[in-house]
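Asks: Sequence plus predicted model, see below.
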Amino acid sequence: MEAVQPLGNQSATIRRSSIGLRERTSQALASVTFFGTLAIVTLTAIPYATVQPWWIALFECGVFALTAVWIVQSAVAEKWKLYNGLLLAPCLGLLLLAVVQTLPVWGAQRETISSDPYQTKLWILHFGALLLTAAILLRHTSTTRHLQILIFLVVAVGVLSAVFGLLRQIIGFNLPIQGFLSPSAQGTYGQFINRNHFAMLMEMSLGLAAGMIVVGGVRRAYIAPLLIAIAILWVALVMTNSRGGILAMLGQSIFLTLFFNLARNPLASNQKQSVIGRVLVTSRTIRVLLAAALVIIVGFGVVWVGGDSLMHRLETLPREWSADTTARMNSSRVEIWQATLQMIQHHPLTGIGFGGFSVSLPQYHDASGRWIPQEAHNDYLEIVASGGIVALSMLFMFVVILVR
């Protein structure tokens with residue numbers, strides 16, 4: 001005769017089986033969410049169609065779909081905790097402000113705060129998708145393995161983009177597919193239609209690769225490949241002739257020099273460190289001198305690699321900062337900033353609406369109209385112009401939370 005299992009044991013077996021199924025389902029959904037987000041992050045950096053409406057729509061739909069999977073996974077796992085989620089609070093405040101800007105204000109004409117409600121609504125969708133991407137990554141990079149996967153992915157995308165950009169510049173080839181990985185207008189570089197956007201990708205990848213080495217976050221076997229990656233990224237960044245990108249790279253160099261080895265515990269490792277290592281850890285004067293020397297060396301390297309084209313770009317900088325309105329049809333940076341400041345004075349509290357800068361600027365920009373700036377060429381001024389004092393307070397709150 002078959003032995004009959006007691007009812008209590010059967011219930012325990014069913015409960016364990018249910019828990020095991022729930023854990024496997026949760027892990028599978030978590031993998032789909034994390035690696036799906038990594039795929040989206042990769043694809044946003046590869047085609048220059050990223051700036052086109054059809055690709056932006058695909059990006060947003062992909063993020064919203066992965067967010068739905070993430071919600072299901074959290075419900076199955078019964079875990080809703082978001083690591084470092086406080087960082088997203090000011091961003092949610094900006095999103096709420098943008099929603100308020102699109103609502104009609106009761107009055108004679110029931111106008112909205114935003115000067116262009118349609119563009120503000122598009123901004124809400126795009127910024128919301130970016131915010132959800134950040135939330136998913138914060139949730140799924142709480143482990144060292146996932147964090148390293150994300151870092152190495154960004155570095156790899158940057159290196160591949162750098163190689164592609166350098167090959168295009170050296171060989172001058174174009175892909176046969178127009179409008180996809182084949183920008184040909186002046187000022188483009190690599191797969192990006194704007195050299196500054198390409199430089200920003202190089203900065204992110206370069207900073208991550210150098211930071212991993214400086215704080216000792218990788219094994220020794222990975223140091224040589226990371227150094228090669230840093231060299232490729234650095235050359236590609238200089239060859240873009242992006243003045244802002246080169247300046248940001250110099251800032252990264254100073255930051256890494258001043259904070260070298262601070263991530264480690266000097267008191268616990270003093271016995272194993274050499275005399276030079278102890279001096280680097282304890283002497284602030286030596287750090288400052290090293291930072292100055294590094295800036296000088298990097299500066300000479302930038303001029304040597306960039307050549308005449310970079311020097312020409314640097315020579316045009318004083319004209320762009322000049323208030324002379326005759327040479328550039330009132331389109332110098334100073335002129336744009338002055339117009340932005342007037343915009344802020346007229347809309348100090350809630351701004352002119354996110355996404356509405358180009359619509360509002362002609363009222364304050366005394367120019368010919370042949371060229372209308374789409375941005376303020378200053379992120380801080382544009383944030384205040386778009387969201388007023390409320391947006392500025394959100395930005396200040398974000399910085400405080402990040403530093404703490």
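Replies: All right, it came through fine.
Asks: what ranges do the helices span in the stretch 201-350 of the chain?
Replies: Secondary structure of the stretch 201-350 of the chain by DSSP state H, counting those that start in this stretch: the helices cover 223-239, 243-258, 266-269, 275-282, 284-315, 317-321, 333-346.
Asks: Grab the CA positions of stretch 130-146 and hand them over as PDB.
Replies: What follows is stretch 130-146, C-alpha atoms only, in PDB (Å, rounded to 0.1, in the frame of the first residue of the first chain):
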ATOM      1  CA  LEU A 130      14.100  58.900 -18.800                       C
ATOM      2  CA  LEU A 131      13.000  59.100 -15.200                       C
ATOM      3  CA  LEU A 132      11.600  55.500 -15.400                       C
ATOM      4  CA  THR A 133      14.900  54.300 -17.000                       C
ATOM      5  CA  ALA A 134      16.800  55.800 -14.000                       C
ATOM      6  CA  ALA A 135      14.400  54.200 -11.600                       C
ATOM      7  CA  ILE A 136      14.800  50.800 -13.200                       C
ATOM      8  CA  LEU A 137      18.500  51.000 -13.100                       C
ATOM      9  CA  LEU A 138      18.600  52.200  -9.500                       C
ATOM     10  CA  ARG A 139      16.400  49.200  -8.600                       C
ATOM     11  CA  HIS A 140      18.500  46.600 -10.500                       C
ATOM     12  CA  THR A 141      22.000  47.900  -9.900                       C
ATOM     13  CA  SER A 142      21.900  47.400  -6.200                       C
ATOM     14  CA  THR A 143      24.300  44.400  -6.600                       C
ATOM     15  CA  THR A 144      28.000  44.800  -7.600                       C
ATOM     16  CA  ARG A 145      27.600  42.400 -10.600                       C
ATOM     17  CA  HIS A 146      24.700  44.400 -12.200                       C
END
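Asks: ok, residues contacting it?
Replies: Residues outside stretch 130-146 that contact it (C-beta atoms under 8 Å, 6 or more residues apart in numbering): 30, 33-34, 37, 40-41, 63-64, 66-67, 70, 82-85, 87-88, 91-92, 95, 147, 150. Quick note: C-beta positions are derived from backbone N, CA and C, even for glycine.
Asks: May I see the PyMOL selection of the buried members of the residues you listed?
Replies: Of the contacts of stretch 130-146, the buried ones can be selected in PyMOL as follows, counting by 16 or more other C-beta atoms under 10 Å:
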select buried, resi 30+33+34+37+40+41+63+66+67+70+88+91+95+150
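Asks: From the contacts of stretch 130-146, which land in strands?
Replies: Counting by DSSP state E, the contacts of stretch 130-146 place none of their members in strands.
Asks: Which of the helices of the stretch 201-350 of the chain comes out lowest on mean pLDDT?
Replies: Sorting the helices of the stretch 201-350 of the chain by mean pLDDT places helix 266-269 lowest, at a mean of 42.
Asks: which regions of the stretch 1-150 of the chain sit below the pLDDT cut-off?
Replies: 1-20, 47-50, 106-110 (pLDDT under 70).
Asks: same thing but 50
Replies: Applying pLDDT under 50 to the stretch 1-150 of the chain picks out residues 1.
Asks: can you map out the helices along it?
Replies: Going by DSSP H, counting those that start in this stretch, the stretch 1-150 of the chain shows helices at 7-45, 53-77, 88-102, 117-140, 144-171.
Asks: Would you mind writing the CA trace of the third one as CSV?
Replies: Right, the one you point to is helix 88-102. The C-alpha coordinates for helix 88-102 follow below in CSV (Å, rounded to 0.1, in the frame of the first residue of the first chain):
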residue,chain,number,x,y,z
LEU,A,88,14.3,60.9,-8.1
ALA,A,89,12.1,63.1,-5.8
PRO,A,90,13.3,66.4,-7.3
CYS,A,91,12.9,64.9,-10.8
LEU,A,92,9.3,63.9,-10.0
GLY,A,93,8.8,67.5,-8.8
LEU,A,94,9.9,68.8,-12.2
LEU,A,95,7.6,66.3,-13.9
LEU,A,96,4.7,67.6,-11.8
LEU,A,97,5.6,71.2,-12.6
ALA,A,98,5.5,70.4,-16.3
VAL,A,99,2.0,68.9,-15.9
VAL,A,100,0.8,72.0,-14.2
GLN,A,101,2.2,74.1,-17.0
THR,A,102,-0.1,72.4,-19.5
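Asks: Can you tell me what sits against it?
Replies: Contacts for helix 88-102 (C-beta under 8 Å, 6+ apart): 82, 112-114, 117, 120-121, 123-124, 127-128, 131, 134-135, 138, 350-351, 353-354, 387, 390-391, 394-395, 397-398, 401.
Asks: now with 7 Å?
Replies: For helix 88-102, contacts defined as C-beta atoms under 7 Å, 6 or more residues apart in numbering pick out 112-114, 117, 120-121, 123-124, 127-128, 131, 134-135, 350, 353-354, 387, 390-391, 394, 397-398.
Asks: Pretty sure Leu66 sits against Gly36.
Replies: Yes. The pair Leu66 / Gly36 is scored as a contact, 4.9 Å apart, by C-beta atoms under 7 Å.
Asks: quick one on the thing from earlier: what's the ChimeraX syntax to select whichever of the contacts of helix 88-102 are buried?
Replies: A single ChimeraX command is used to select the members of the contacts of helix 88-102 judged buried by 16+ other C-beta under 10 Å:
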select :112,113,114,117,120,121,123,124,127,128,131,134,135,350,353,354,387,390,391,394,398
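Asks: Could you check stretch 345-361 and say which residues are buried?
Replies: Buried residues in stretch 345-361 (16+ other C-beta under 10 Å): His347, Thr350, Gly351, Ile352, Gly353, Phe354, Gly355, Gly356, Phe357, Val359, Ser360, Leu361.
Asks: ok, so of the residues you listed, who is nearest Pro104?
Replies: Gly353 (12.9 Å; C-beta to C-beta).
Asks: got the phi/psi numbers for the closest one?
Replies: Here is the backbone geometry of Gly353 (degrees, to the nearest 10): phi 100, psi 130.
Asks: residues contacting the nearest residue to it once chain neighbours are set aside?
Replies: Nearest non-adjacent residue to Gly353, counting by C-beta to C-beta, 6 or more residues apart in numbering: Ser114, 2.6 Å away. Going by C-beta under 7 Å, 6+ apart, Ser114 touches Gln101, Thr102, Thr120, Gly353, Gly356.
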